[in-house]
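Participant: this one's structure only:
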């Protein structure tokens, strides 16, 4: 078993054991960061939580009150790629082949400029370990070449911190990590 696979297995189990519901104030550092940008220019990419990921549903509610639009990832099954679809809180979602919820692909496609990204583990260098399919890394590698100003924020519990993750040339380093202890 590869080292990344071992870490994935351990941290997936750890997240399941230590998972807890977060309070709305978890997202205050993110809201402060967003306020630095013009709301008209924000194209926020979120994720719908699954597999004991940090719960983003409180954030959906906060953003709806602030009238900030956002999108969710959708897997394009024909080529194993991902795109982001505009989604309004409480609009219907469908289950994809990985058992995750995503918006209907016929809705409006968005090119986000701020990404909230789930992860299994992270380190002090802001490296992220995901589920191993490379969806986020592939998407971000493609779009970071076109727009170096994209902001990537990993969302995790502080117990998901790993000393030093092994990285490959395709792994995208995050700009920030958001935990219950604030923005790293």
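Facilitator: Yep, it's here. Predicted model, so just to flag it, every value in this text is computed and none were measured.

Participant: From here on, just use CA atoms for contacts and neighbour counts.
Facilitator: Will do.

Participant: all strands of the protein, in order?
Facilitator: Counting by DSSP state E, the chain has these strands, from start to end: 44-45, 70-76, 81-87, 94-95, 101-102, 109-110, 114-118, 121-122, 128-129, 151-155, 176-179, 182-183.

Participant: can I get these in TSV with distance to residue 55?
Facilitator: Listed next are those as TSV, based on distance: least, CA to CA, whole Å:
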stretch	distance to residue 55
strand 44-45	15
strand 70-76	14
strand 81-87	17
strand 94-95	17
strand 101-102	13
strand 109-110	22
strand 114-118	10
strand 121-122	16
strand 128-129	18
strand 151-155	9
strand 176-179	12
strand 182-183	15
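
Participant: Nearest to residue 11 among those strands would be which one?
Facilitator: Comparison of those against residue 11 by CA to CA identifies strand 121-122 as nearest, at 6.5 Å.

Participant: now that closest one, how far from the chain's geometric center?
Facilitator: For strand 121-122, the separation from the chain centroid amounts to 12 Å (computed by CA atoms, centre = their mean, to the nearest Å).

Participant: Tell me the helices and strands packed up against it.
Facilitator: Packing partners of strand 121-122 (3 or more CA pairs under 8 Å, 6 or more residues apart in numbering; DSSP states H and E): helix 3-18, strand 128-129.
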